[in-house]
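**Student:** I'd like to go over a predicted model; first the sequence, then the structure.
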Amino acid sequence: MGYVLNLRQQVGQKPIIVVGAAAIVHDDQLGLLLVKRLDNQLWGLPAGSKELDESTEQTVLRELTEETGLIGQDPRLLTVASGQDMQYAYPNGDQIDSVTVVYELAASGQLQADQQETSVAKFVALADLKQLALTPLTKKILMDLQLIK
């Protein structure tokens, strides 16, 4: 069981500050890597919460592999997203105030959704991002990075 799930057993659904990391994997021909989440059926960046004793670089590499099957290389810090627009309530009622460290990285391997957290993993053309139902946190990050306007 992960750190956040253990914490949830103590505090219930009350808002908690969660530090996590998100992956920007972009290919000029294929587009931006996104995953369709099983919990809310929305599209998002491969991302997740940091575990104890784990760096945010380790978090982004682990989450990318867990959610997409890809192996990440050379994470490069892009931004840290936090504040009022990074608050979210999950469908089960759990509330978070997210501090998300966003990395750009290269990836290799066989693309495959894990079917535990994600149902689909695919590259999407930047021009098509506006048509997708994105998670609010992903939308904020992509707007901040000017990948969608």
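**Tutor:** Arrived safely, thanks for sending. Residues are numbered from 1 along each chain as shown.

**Student:** what residue is smack in the middle of the protein?
**Tutor:** Nearest residue to the geometric centre of the chain (CA atoms, centre = their mean): Ala47, 2.4 Å.

**Student:** how far away is that residue from Asp128?
**Tutor:** Distance of Ala47 to Asp128, given as CB to CB, to the nearest Å: 20 Å. (Each C-beta comes from the backbone N, C-alpha and C, glycine too.)

**Student:** the residue nearest to the centre of the chain is in contact with Ala23, isn't it?
**Tutor:** Yes - between Ala47 and Ala23 a contact is recorded at 6.7 Å, counting by CB atoms under 8 Å.

**Student:** quickly list what's touching both of those two.
**Tutor:** 60, 63 (CB atoms under 8 Å, 6 or more residues apart in numbering).

**Student:** need the nearest residue in space to the residue nearest to the centre of the chain, chain neighbours excluded.
**Tutor:** What sits nearest to Ala47 in space, not counting adjacent residues and going by CB to CB, 6 or more residues apart in numbering, is Ala22, at 3.6 Å.

**Student:** in three-state terms, label Leu52 for me.
**Tutor:** coil (DSSP: H, G, I helix; E, B strand; the rest coil).

**Student:** contact partners for it?
**Tutor:** Contacts of Leu52 by CB under 8 Å, 6+ apart are Tyr3.

**Student:** got a pLDDT number for it?
**Tutor:** Looking at Leu52, its pLDDT reads 94.

**Student:** please apply the same query to Pro91.
**Tutor:** For Pro91, the predicted pLDDT is 89.

**Student:** that one and Asp39, how far apart?
**Tutor:** Relative to Asp39, Pro91 is positioned 6 Å away (CB to CB).

**Student:** neighbours of the closest residue to Gly2 other than its chain neighbours, just the number please.
**Tutor:** Leaving aside its sequence neighbours, Gly2 sits nearest to Glu51 (CB to CB, 6+ apart; 6.0 Å). When counting by other CB atoms under 10 Å, one arrives at 12 neighbours for Glu51.
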